[in-house]
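In: Could you work out the structure for the sequence below:
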Amino acid sequence: QVQLVESGGGLVQAGDSLRLSCAASGRTFSRYAMGWFRQAPGKEREFVATISGGGADTYYADSLKGRFTISRDNAKNTVYLQMNSLKPEDTAVYYCAARWIYRSDAQNDYSYWGQGTQVTVSS
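Out: Reported below is the predicted structural model:
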């Protein structure tokens with residue numbers, strides 16, 4: 001069982017940066033691939049980024065490459081999402097998720113989810 005708690009969301013202006021954190025419970029965090037997803041108002045939840053258990057392998061949604069960076073610190077049981085040059089269209093609830101071993105961009109592959117953190121980008 002893995003429990004995930006996101007933090008770091010808030011209200012920012014376009015062009016600002018924000019770093020989200022996701023703290024995980026459990027002693028086997030490094031065996032879980034982690035993913036970030038987001039859901040904008042009136043839209044379906046979409047993939048943002050994913051990272052392997054060891055942190056060496058990452059994958060991003062094409063539209064977010066170069067602006068968002070996923071990373072993890074297994075000693076702290078935490079995964080991060082650094083978001084730069086934020087745009088109003090990045091406004092969404094951001095969720096982290098955990099999947100045993102293999103990273104994936106498919107939300108149905110993930111077994112554990114956090115409650116989400118709101119990110120609002122004003123123009």
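In: Quick one: the strands in the chain, in order.
Out: Using DSSP state E, the strands of the chain run over residues 4-7, 10-13, 18-24, 32-39, 46-51, 58-60, 68-73, 78-83, 92-100, 112-113, 117-122.
In: helices or strands next to the shortest one in the packing?
Out: Using 3 or more CB pairs under 8 Å, 6 or more residues apart in numbering; DSSP states H and E as the contact criterion, the neighbours of strand 112-113 among helices and strands are strand 92-100. All C-beta spots, glycine's among them, are computed from the backbone N, C-alpha and C.
In: and the strand it packs on, what does it pack onto?
Out: Counting by 3+ CB pairs under 8 Å, 6+ apart, strand 92-100 packs on strand 4-7, strand 18-24, strand 32-39, strand 78-83, strand 112-113, strand 117-122.
In: cutoff 7 Å now
Out: Applying 3 or more CB pairs under 7 Å, 6 or more residues apart in numbering; DSSP states H and E, one finds that strand 92-100 contacts strand 4-7, strand 18-24, strand 32-39, strand 112-113, strand 117-122.
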